[in-house]
Structure formats: C-alpha cells, structure tokens
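J.: structure here, sequence nowhere to be found:
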C-alpha cells in the first residue's frame, strides 16, 4: 500500500509528456524495466524537435501567403 502511494506521488511529479511516452511503450508491450530511463527523454526530444520543425514550416508557408501567423 505504501509503495503504491510513493509511485503515485512520483508519477504526479513526473511531466505529463513523460508519462504519455511511458504509457505508449507499455501499450506496445515494453515493460518499464525493459528500457533505459534515457529512452523516455530521447522520445521526448524527438517529439519536440518534430513539433518545432512542423511549426517552423507552417510559419514559412504563412509568410509566403502573406499572413501574419500560421492558422489551423
């Protein structure tokens, strides 16, 4: 019981995106002890870089179209 509370508190302190990556790995059948902790950080970095690239491209297209900002 006490271990569950500790894990819950630790999960609440963990960033939401890190919890999502861990859940994705778990849903693919990869247990938490089956990968190194840095794998989560690597996936987060990959995701963040991808988002920055997409938003940068969107800004280039918006500039080309003469719009002040990218729109949805």
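T.: Sure, I can see it. Values in this document were obtained by computation on a predicted structure and should not be read as measured data.
J.: skip the chain neighbours and tell me the closest residue to residue 24.
T.: residue 43 (7.9 Å; CB to CB, 6 or more residues apart in numbering). All C-beta atoms are positioned from the backbone trio N, CA, C, and that covers glycine.
J.: correct me if wrong: the one you found contacts residue 22.
T.: No - using CB atoms under 8 Å, residue 43 is not in contact with residue 22, being 9.4 Å away.
J.: so which bits of whichever helix in the chain runs longest are buried?
T.: Determined from DSSP state H, the single longest helix within the chain is helix 38-64. Neighbour counts over helix 38-64 (16 or more other CB atoms under 10 Å) mark 40, 43 as buried.
J.: which strands and helices lie in contact with it?
T.: Applying 3 or more CB pairs under 8 Å, 6 or more residues apart in numbering; DSSP states H and E, we find helix 38-64 packed against helix 16-27.
J.: got the contact list for the helix it packs on?
T.: Helix 16-27 is contacted by residues 11, 32, 35, 39-41, 43-44, 47 when judged by CB atoms under 8 Å, 6 or more residues apart in numbering.
J.: where does this protein have low pLDDT?
T.: 1-11 (pLDDT under 70).
J.: mind running it again at 80?
T.: Applying pLDDT under 80 to the chain flags residues 1-12, 69-72.
J.: how near is the residue nearest to residue 59 when sequence neighbours are not counted to residue 61?
T.: Using CB to CB, 6+ apart and skipping the chain neighbours, the partner closest in space to residue 59 is residue 70 (5.5 Å). Noted for residue 70: a distance of 7 Å to residue 61, by CB to CB, to the nearest Å.
J.: with residue 31 instead?
T.: From residue 31 to residue 61 the distance is 42 Å (CB to CB).
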